[in-house]
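Enquirer: missing the sequence, but the structure's below:
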């Protein structure tokens, strides 16, 4: 059984925030990978800080 992704743990409000982040990112950059979406989800869940989010996203580029 696959492990639960961070995005699967988001409540409806945070899921909406994630969808807005994804849409905004796509307009300015490229589509996000699953790993990048998981980074944003972990940030919205409070598991990582904004600085950690930036660092992890930079590592994906």
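Expert: Yep, that arrived. These numbers come from a predicted model, not from an experiment. Numbering: from 1, shown residues only.

Enquirer: Name the helix or strand for the spatially most central residue of the chain, please.
Expert: Using CA atoms, centre = their mean, the residue of the chain that lies closest to the mean C-alpha position is residue 40, 1.8 Å off. Mapping residue 40 onto the secondary structure by DSSP states H and E places it in helix 34-44.

Enquirer: What helices and strands are in contact with that helix?
Expert: Using 3 or more CB pairs under 8 Å, 6 or more residues apart in numbering; DSSP states H and E as the contact criterion, the secondary-structure elements in contact with helix 34-44 are helix 12-28, helix 50-60. In short, each C-beta sits where N, CA and C put it, glycine included.

Enquirer: what distance separates the helix or strand of the chain with the lowest mean pLDDT from the centre of its chain?
Expert: Of the helices and strands making up the chain, the lowest-confidence element is helix 12-28, at a mean of 91, by mean pLDDT, DSSP states H and E. Its chain's average C-alpha position is 8 Å from that of helix 12-28, according to CA atoms, centre = their mean, to the nearest Å.

Enquirer: Would you mind listing the buried residues in that helix?
Expert: Buried residues in helix 12-28, defined by neighbour count with 16 or more other CB atoms under 10 Å: 14, 17, 18, 21, 25.

Enquirer: Could you check how far residue 28 is from residue 6?
Expert: Residue 28 sits 22 Å away from residue 6, going by CB to CB, to the nearest Å.
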